[in-house]
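Novice: Compute the structure for the input listed below.
(one chain, ligands or ions: 1)
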Amino acid sequence: MLSTFLMLIACSSNESNMNSNKQQDKKEQGEEAYVENLNVPWEISLSEGTFYYTERSGKMANFKDRLERQVLQLSKPIHSDGEGGLLGLALAEDFLESQTAFLYHTYRNDGKTLNRVVKVQLKGGVWRETGELLANIPGSQFHNGGRVKLGPDGMLYVTTGDAGEPELAQDKESLAGKILRINVDGSVPEDNPFSGSYVYSYGHRNPQGLAWTDEGQLFSSEHGQSAHDEINVIKPGLNYGWPVIEGDEVADGMEQPLYHSGNDTWAPSGMVFHHDQLYVACLGGEEIRSFQLKGQGTIVVKEEIGRVRSLIVDDEYLFAITNNKDGRGDPVEEDDRMIKVKLE
Ligand SMILES: [Ca+2]
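Specialist: Presented below is the predicted three-dimensional model:
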């Protein structure tokens, strides 16, 4: 794969000298290559050397030796407004054979903004919906959550936001402000913490990151209210406090975060676990951070790369996608980008 990227740089003959210099600067900073002209990509996945992306406006894209976009045909139109749109993406475990993936997207029904989880299949260059796993997840212009990942137990885990109604996060009957656990056929797993319910953990404000350690412990990142962003250790059935507590505040029956940002803003989104560290994409911080799991702290791995939405690790490289064109950033001509960063 590395050779593909080096070739990409070598073949970029139509770029101006300025861009070449920029690329050289980036190479010297450890950004060896990247993909340009993505449009607010929300999630990134990798299978056999091909990167797959969701773009918030509703396009699927992939990159092997060039960037391509595919049509996505869904039974309900994507509602791309504010923070909503086409968000999470998880490739099925048997993706190479089945060409199946799971998506999370915002839609409208009866005058309401909602989110749902669907199964899609890539065939003849078109992604088509093949099933709806879960619908009617409360949505809003803001706080839609949106991460979808397959856990080590083969279940789908989904983060949902409070949809602008904080009290829903404490309501176990509501799908808002939760981390959900779903069978890949859309049914409720029998061993979920609350019988008959998709709810895996609750009291979340706007969680957007999920990652598991090699031992199978789940972590999540969460946007706090005006700073107080969180990294949480997620255990089934527990209450993570929103909107009752945040930061160092304490309440009976509510979990405190492993880390919080205090008065700083990370705006943490996608995350990945690698070599005993959690790497977290930070939108507001415009950086990639790593967090030590045993509480020794957090460091900035890569800064000044723009609003980072999500990231993955492959072969000792981080691949991170920017969201500089999401209306809150300061985009340059080649945005949005996938940046490749060598891990030390
Ligand atoms: Ca919390």
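Novice: Give the buried residues for stretch 134-146.
Specialist: Buried residues in stretch 134-146, counted by 16 or more other Cβ atoms under 10 Å: 134, 135, 137, 138, 139, 140, 143, 144, 145, 146. Backbone N, C-alpha and C define where each C-beta goes, glycine included.
Novice: ditto for stretch 236-243
Specialist: 238, 239, 240, 241, 242, 243.
Novice: where's residue 34 relative to the ion, distance?
Specialist: Taking Cβ to the ion, to the nearest Å as the measure, residue 34 falls 34 Å from the ion.
Novice: I'd like to know how far that residue sits from residue 330.
Specialist: 17 Å (Cβ to Cβ, to the nearest Å).
Novice: Which one's more surrounded, these two?
Specialist: When residue 34 and residue 330 are compared for neighbours, residue 34 comes out ahead with 22 against 10, by other Cβ atoms under 10 Å.
Novice: That one sits in which helix or strand?
Specialist: Assigned by DSSP states H and E, residue 34 belongs to strand 31-35.
Novice: in this protein, which spans are helices?
Specialist: In the chain, the helices defined using DSSP state H lie at 2-10, 17-28, 95-98.
Novice: lowest-confidence stretch among these?
Specialist: Mean pLDDT is lowest for helix 2-10 among the helices of the chain, at a mean of 36.
Novice: quick one, what contacts the residue lying closest to residue 149 once chain neighbours are set aside?
Specialist: Nearest non-adjacent residue to residue 149, counting by Cβ to Cβ, 6 or more residues apart in numbering: residue 210, 4.6 Å away. By Cβ atoms under 8 Å, 6 or more residues apart in numbering, the residues touching residue 210 are 147, 149, 157, 159, 179, 218, 219, 220, 271.
Novice: what about residue 210, distance to residue 195?
Specialist: 23 Å.
Novice: ok, back up a step: among the buried residues of stretch 236-243, which are in reach of the ion?
Specialist: 240, 241 (Cβ under 5 Å from the ion).
Novice: of the buried residues of stretch 236-243, closest to residue 84?
Specialist: Of all these, residue 84 sits closest to residue 242, with 19.5 Å by Cβ to Cβ.
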